[in-house]
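Colleague: sequence unknown, structure follows:
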């Protein structure tokens, strides 16, 4: 064989090998992804809660983590990363390695924050992969035990007679504490000053001590303090009374007609997390939340389990982003 023919033959062989490798690459990648999903999780999963301990997101995360981990066949630990209305913790998830070992849990604030913060560190839809919705819950308007008003009618009269004198604590700008209170102010026509904290727990502690006059925590967080008399429950925020506080009227029925607010919770991962891992996380969470142990525990604490597919979770988030963008603009609400 002459040198020219030999070189041509070697070139053709290399070209054929390259073409074969290119076509086999997707198959190899798919097989590797499948294998990774089969062995997942091989180490503990970090679930980031973007608020301080004691708030509603923290409570939900800690309630679901054990049963979810059992259904998944691994372990999940909670990391609280508070600040900027939840943006710091969510951004940490968005910028994490998309390998299934960092996930996040956030409230409806995930849909609210892009409308109230002039600059976001992440893009809610582009940088996050939705796993599932988790639950919904009512909030409750509570005041410290020494506050002079003991019901909605008296509180409204006091607030209207003293505009700007009283204040309320929230879990941060854009948190459900914040938005439920701002909606209350708008519907009731009262002027109460916003005092943002880095989580629902600190806001409630300062309401109990009298540093702030009132707050709008989730029912499960407030219930123990109401039960022992440290806080006085004025009214729940939903459209009907809660089994957790059956003697506490809704705010709508006790003086603020037309008012209704419920929060929801969602879990997510960094964008580009492989679909088999997202599907495995989703299936195990749905199994855990529909199981009798976790479902009963959630309902007893004032949460209504509500699961979804990743596609349904994304659709809900997209819809809520548009909804809150309109409401925030109409009411002129900004991050303070």
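Modeller: Looks like it came in fine. All figures in this text were calculated on a predicted structure; none of them were measured in a lab.

Colleague: How about the contacts made by the most centrally placed residue in the chain?
Modeller: Centroid check for the chain by C-alpha atoms, centre = their mean gives residue 106 as the closest residue, at 1.7 Å. Residues near residue 106 by C-beta atoms under 8 Å, 6 or more residues apart in numbering: 50, 57, 86, 89-90, 265-266, 268. (C-beta placed from N, C-alpha, C; glycine too.)

Colleague: 7 Å instead?
Modeller: Applying C-beta atoms under 7 Å, 6 or more residues apart in numbering to residue 106 gives the contacts 50, 57, 86, 90, 266.

Colleague: Including neighbour count, secondary structure and pLDDT, could these go into a markdown table?
Modeller: Shown next, in a markdown table, are the contacts of residue 106 (neighbours: other C-beta atoms under 10 Å; DSSP: H, G, I helix; E, B strand; the rest coil; pLDDT from 0 to 100):
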| residue | neighbour count | secondary structure | pLDDT |
| --- | --- | --- | --- |
| 50 | 34 | coil | 95 |
| 57 | 29 | helix | 92 |
| 86 | 29 | helix | 93 |
| 90 | 27 | helix | 98 |
| 266 | 25 | strand | 98 |
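
Colleague: which one is residue 86 nearest to, not counting chain neighbours?
Modeller: residue 50 (3.8 Å; C-beta to C-beta, 6 or more residues apart in numbering).

Colleague: Contact partners for that neighbour?
Modeller: With contact set as C-beta under 7 Å, 6+ apart, residue 50 has these partners: 81-82, 86, 88-90, 104, 106.

Colleague: Looking at these, which are in helices?
Modeller: The helices, defined by DSSP state H, take in 88-90 from the contacts of residue 50.

Colleague: ok, those vs residue 276, which is closest?
Modeller: residue 90 (23.6 Å; C-beta to C-beta).

Colleague: and residue 308, what does it touch?
Modeller: Residue 308 touches 132-133, 316, counting by C-beta under 7 Å, 6+ apart.

Colleague: repeat for residue 136
Modeller: If a contact means C-beta under 7 Å, 6+ apart, then residue 136 has 262-264, 304, 306 as its contacts.

Colleague: Mind listing the residues bridging to it?
Modeller: Under the criterion DSSP bridges, residue 136 forms beta bridges with residue 264, residue 304.

Colleague: Quick check on the contacts of residue 308: which are buried?
Modeller: 132-133, 316 (16 or more other C-beta atoms under 10 Å).

Colleague: that older thread, quick one, phi/psi of the residue nearest to residue 86?
Modeller: phi -80, psi 30 (degrees, to the nearest 10).

Colleague: repeat for residue 285
Modeller: Main-chain dihedrals, residue 285, degrees, to the nearest 10: phi -70, psi -40.

Colleague: Which secondary structure element is home to residue 187?
Modeller: Assessed by DSSP states H and E, residue 187 sits inside helix 176-188.

Colleague: Could you pull out the buried residues of that helix?
Modeller: Buried positions in helix 176-188, judged by neighbour count with 16+ other C-beta under 10 Å: 176-185, 187-188.

Colleague: The closest residue to residue 331 other than its chain neighbours and residue 179: what is the separation?
Modeller: Distances taken as C-beta to C-beta, 6+ apart place residue 186 nearest to residue 331, at 5.6 Å, with adjacent residues excluded. From residue 186 across to residue 179, the span is 10 Å (C-beta to C-beta, to the nearest Å).

Colleague: Next, the distance between the ends of stretch 204-217.
Modeller: One end of stretch 204-217 to the other measures 7 Å (C-alpha to C-alpha, to the nearest Å).

Colleague: How about that stretch, which residues are buried there?
Modeller: So for stretch 204-217, counting by 16+ other C-beta under 10 Å, buried means 204-208, 212-217.

Colleague: export the contacts of residue 50 to TSV and tack on distance to residue 281?
Modeller: Formatted as TSV, the contacts of residue 50 follow (distance: C-beta to C-beta, whole Å):
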residue	distance to residue 281
81	20
82	24
86	20
88	23
89	18
90	17
104	12
106	15
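
Colleague: Looking at the residues you listed, which one is closest to residue 40?
Modeller: For the contacts of residue 50, the residue nearest residue 40 by C-beta to C-beta is residue 104; the value is 17.6 Å.

Colleague: buried ones in the helix or strand hosting residue 323?
Modeller: Element membership for residue 323, per DSSP H and E: helix 310-331. Within helix 310-331, the residues scored as buried using 16+ other C-beta under 10 Å are 310, 313-314, 316-317, 320-321, 324, 327-328.
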